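Chemist: Sequence unavailable; structure follows:
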């Protein structure tokens with residue numbers, strides 16, 4: 001590893017025999033044996049010489065190593081000595097630096113203390129001189145100079161807070177406080193003299209002196225400033241309290257305009273006479289207006305409590321309108337910065353709304369809450385209230401808004417009665433197939449009125465009155481749903497979908513069932529479209545009410561019950577349309593079950609009963625589809641419900657077709673396929689625009705009509721051998737019910753003895769239930785199918801008829 005070599009003699013696994021064989025691979029090569037031996041001997045001599053040279057060279061190595069070690073130790077000792085000398089010199093240098101810096105630090109401390117002493121003495125001189133000047137200027141009422149000097153004295157005095165233990169400093173501080181108190185009392189006295197509480201204002205008062213006094217009041221205790229403002233505003237509004245006393249004629253709501261006209265004149269008068277006397281940051285004009293609002297709210301609340309019986313809706317709305325207009329005027333003129341300490345808080349920003357149908361509230365009140373598809377992609381954010389004065393006066397009207405709520409209750413009741421009378425007078429809407437089912441105009445009128453009331457009430461209050469108004473809305477939404485919509489649906493003998501005695505008495509075999517007229521079908525579709533419109537618009541109404549009401553009351557607004565009511569109207573309308581078409585097809589299905597199918601000799605075109613069913617479908621469905629063009633999802637529901645009703649009934653009548661010959665079964669199979677094609681095309685039947693039927697509907701039709709086809713295919717199959725017939729039945733129908741199998745046997749016309757053996761074989765061939773499930777076989781055998789349920793209902797009808 002240390003000296004790599006390619007010589008075979010140096011290998012660890014050296015083999016002498018192999019090495020010799022490599023040197024002499026053949027017998028002829030042995031002729032060179034002497035030459036090879038000489039080479040090896042030469043190599044041995046060279047190795048001996050190398051070994052000898054190396055051994056001789058190692059004789060003096062130990063002595064040389066000891067000598068080198070001694071020299072290294074001496075060098076280390078010398079290095080250690082030098083390091084020690086350097087360390088000693090560093091310690092001496094550090095000591096020297098400390099001595100030098102100690103003197104510098106002493107000089108720094110002395111300089112700082114000297115600077116502080118000079119500054120403090122300077123401040124003390126300024127403070128002492130300032131206090132003397134302040135006292136002298138106060139006596140001479142030189143408020144202009146006092147304002148600047150007082151602020152400087154106060155600032156200088158702050159530097160002596162930590163020296164208050166010194167008697168002289170404490171004495172100066174007490175003199176400053178005494179001067180401040182004297183200034184405050186003197187300024188208050190000056191204002192009292194200029195604006196006495198009793199009597200009229202003195203014309204031409206010392207406005208310059210008072211203006212400088214206000215600057216001084218800014219530096220004094222804030223209570224002095226508040227006292228000046230309070231007294232001035234009280235004196236300024238004293239005339240208002242006299243003019244609009246409770247017993248005065250102008251104090252009532254019908255003359256509320258005079259109150260606001262008076263304050264407008266007063267504010268103009270103030271700006272002309274005293275606008276420059278008070279500092280601008282005092283916002284005296286706004287403070288006068290705010291105090292006027294507080295006084296007015298208190299006075300109006302008092303007089304309305306006294307004369308509550310005299311308040312009428314028009315008078316109340318007039319007063320509220322004028323008041324809100326005045327509040328809006330204040331918002332344009334003032335910022336509302338003085339309301340922070342008042343009783344009226346700035347309106348909170350409402351939470352972001354997800355309502356995609358928001359409209360501009362400042363628009364005309366006759367606008368309707370409508371659904372526009374284009375608006376759903378561009379949601380509008382609610383407007384942020386920007387009037388900090390909203391409610392500062394109009395809050396007093398809130399306890400009396402019950403008058404407004406009662407009035408709206410009465411108006412809405414009259415509106416509903418008018419809708420009912422108009423509907424009876426004008427009759428149902430005329431059929432207009434080209435334009436689709438129209439929404440009843442009364443619906444739009446109702447929601448227009450709702451929006452008008454909502455906007456008006458939200459301007460009056462966003463508290464409990466909005467909750468009361470919501471309750472009124474809920475009441476008349478329900479009344480509209482029952483009186484206008486449900487109340488005008490065409491009546492049938494079994495409109496609820498259940499069995500009635502009247503329907504059983506009137507039902508006769510082969511009798512014609514009364515159908516809805518074209519006008520009645522259009523009316524049902526119109527009511528359905530109106531209910532759908534009301535459902536969507538009621539949801540929007542709920543969202544807008546939640547936006548306008550206080551955040552703490554949002555949870556109390558819930559129109560889910562009213563939306564459910566409109567959903568019930570929609571469901572009832574669809575059920576009526578399904579029952580009408582279903583009943584129209586009943587005579588054709590009855591005719592099918594009464595035909596002698598065992599006597600059919602050849603298969604022809606579709607049977608007359610199929611033509612009759614298709615005729616009724618083509619008469620009704622296009623009318624319903626065109627009248628529900630604006631609500632496609634409910635037309636799809638109609639198709640699905642009709643398929644779910646018609647297909648089980650058709651299969652039930654198939655079982656009544658017995659016995660059936662092979663040719664008769666083929667004819668029925670052809671008829672079934674024709675009906676299947678018609679049902680698959682039902683959503684677009686009679687339409688110029690062919691649309692693909694919804695997948696959910698197609699799945700129901702294919703599943704139901706395929707079962708009918710499988711029943712007929714089983715009937716067509718030979719019953720010999722029985723095992724093959726039973727297995728074929730189980731494979732095609734996958735129905736483990738013995739009742740269904742019994743009906744198949746009846747349709748084939750088998751004798752009772754043959755049916756008995758077939759039933760036994762059927763029970764034996766039934767697939768075993770899954771392991772771990774108990775009584776699964778019995779459950780599947782006893783589970784009623786739709787055909788069984790229909791058969792039981794028919795038996796019940798026949799039983800009731802016999803008893804009647």
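Modeler: That came through, no problem. Just so it is clear, the model here is predicted, and its values are computed rather than measured.
Chemist: And the closest residue to residue 241 other than its chain neighbours, which helix or strand is it part of?
Modeler: Spatial nearest neighbour of residue 241, chain neighbours left out: residue 295 (7.1 Å); criterion: C-beta to C-beta, 6 or more residues apart in numbering. The way it works is simple: take the backbone N, C-alpha and C, and place the C-beta from them, glycine included. In this assignment (DSSP states H and E), residue 295 forms part of helix 284-306.
Chemist: Follow the chain on from that helix and name the next helix or strand.
Modeler: Where DSSP H and E defines the elements, the next helix or strand beyond helix 284-306 is helix 313-333.
Chemist: helices or strands up against the helix or strand just after that next one?
Modeler: Using DSSP H and E, the helix or strand that follows helix 313-333 in sequence is helix 402-426. In this structure, helix 402-426 packs against helix 313-333, helix 441-460, helix 464-479, with contacts taken as 3 or more C-beta pairs under 8 Å, 6 or more residues apart in numbering; DSSP states H and E.
Chemist: average pLDDT across the second one?
Modeler: What helix 441-460 shows for mean pLDDT is 85.
Chemist: Equivalent analysis for the first one, please.
Modeler: What helix 313-333 shows for mean pLDDT is 84.
Chemist: which residues touch that helix?
Modeler: Around helix 313-333, the neighbours that count as contacts under C-beta atoms under 8 Å, 6 or more residues apart in numbering are 253-254, 256-257, 260, 289, 293, 300, 386-394, 397, 400-401, 403-404, 407, 456, 459-460.
Chemist: how about that helix: buried residues?
Modeler: Buried residues in helix 313-333, counted by 16 or more other C-beta atoms under 10 Å: 316, 317, 319, 320, 322, 323, 324, 326, 327, 330, 331.
Chemist: Could you list the buried residues of the one helix or strand residue 176 maps to?
Modeler: For residue 176, the enclosing helix or strand under DSSP H and E is helix 167-194. Residues 169, 172-173, 175-176, 179-180, 183-184, 186-188, 190-191, 194 are the ones in helix 167-194 that count as buried (16+ other C-beta under 10 Å).
Chemist: which one of those sits closest to residue 531?
Modeler: In terms of C-beta to C-beta, no member of those lies closer to residue 531 than residue 191, at 70.8 Å.
Chemist: Sketch out the low-pLDDT regions of the stretch 651-800 of the chain for me.
Modeler: Counting by pLDDT under 70, the ranges of the stretch 651-800 of the chain that qualify are 768-800.
Chemist: And the helices in it?
Modeler: Along the stretch 651-800 of the chain, counting by DSSP state H, counting those that start in this stretch, helices occupy 662-680, 695-716, 722-733, 738-748, 752-765, 776-782, 786-803.
Chemist: With distance to residue 36 added, can I get those helices in a markdown table?
Modeler: Below are these laid out as a markdown table (distance: least, C-beta to C-beta, whole Å):
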| stretch | distance to residue 36 |
| --- | --- |
| helix 662-680 | 107 |
| helix 695-716 | 100 |
| helix 722-733 | 98 |
| helix 738-748 | 110 |
| helix 752-765 | 102 |
| helix 776-782 | 100 |
| helix 786-803 | 112 |
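Chemist: and those as CSV, adding mean neighbour count and distance to residue 93?
Modeler: Shown next, in CSV, are the helices of the stretch 651-800 of the chain (neighbours: other C-beta atoms under 10 Å; distance: least, C-beta to C-beta, whole Å):
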stretch, mean neighbour count, distance to residue 93
helix 662-680, 20, 109
helix 695-716, 18, 98
helix 722-733, 16, 112
helix 738-748, 20, 117
helix 752-765, 14, 117
helix 776-782, 13, 105
helix 786-803, 13, 112
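Chemist: nearest to residue 531, of those?
Modeler: helix 695-716 (21.9 Å).
Chemist: In terms of secondary structure, what does that closest one contact?
Modeler: Secondary-structure packing of helix 695-716 (3+ C-beta pairs under 8 Å, 6+ apart): helix 632-656, helix 662-680, helix 722-733, helix 738-748.
Chemist: Save those helices as JSON lines, and put in distance to residue 442 too.
Modeler: Formatted as JSON lines, these follow (distance: least, C-beta to C-beta, whole Å):
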{"stretch": "helix 632-656", "distance to residue 442": "20"}
{"stretch": "helix 662-680", "distance to residue 442": "37"}
{"stretch": "helix 722-733", "distance to residue 442": "53"}
{"stretch": "helix 738-748", "distance to residue 442": "51"}
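Chemist: circling back: out of the buried residues of helix 313-333, which one sits closest to residue 105?
Modeler: Nearest to residue 105 among the buried residues of helix 313-333: residue 331, at 65.9 Å, using C-beta to C-beta.
Chemist: do you know how far the closest one is from residue 619?
Modeler: According to C-beta to C-beta, to the nearest Å, residue 331 and residue 619 sit 64 Å apart.
Chemist: Then residue 589?
Modeler: 17 Å.
Chemist: Between these two, point out the one with more neighbours.
Modeler: residue 589 (20 against 15; other C-beta atoms under 10 Å).
Chemist: what's the burial count for the residue lying closest to the more buried one once chain neighbours are set aside?
Modeler: With sequence-adjacent residues excluded and distances taken as C-beta to C-beta, 6+ apart, residue 589 is closest to residue 653, at 4.4 Å. Residue neighbour count, defined by other C-beta under 10 Å, stands at 19 for residue 653.
Chemist: dump the residue contacts of residue 653.
Modeler: Counting by C-beta under 8 Å, 6+ apart, residue 653 makes contact with 589, 590, 592, 593.
Chemist: quick check: mean pLDDT across the strand or helix carrying the third one?
Modeler: If I follow you right, that is residue 592. Residue 592 is part of helix 560-594 when elements are defined by DSSP H and E. Average pLDDT, helix 560-594: 91.
Chemist: Give the buried residues for it.
Modeler: The neighbour-count check on helix 560-594 (16+ other C-beta under 10 Å) flags 562-563, 565-566, 569-570, 572-589, 592 as buried.
Chemist: what do you get for stretch 264-277?
Modeler: Residues of stretch 264-277 classed as buried by neighbour count (16+ other C-beta under 10 Å): 266, 267, 270, 274, 277.
Chemist: what's the closest of those residues to residue 610?
Modeler: Residue 610 lies nearest to residue 267 out of these, by C-beta to C-beta, at 88.7 Å.
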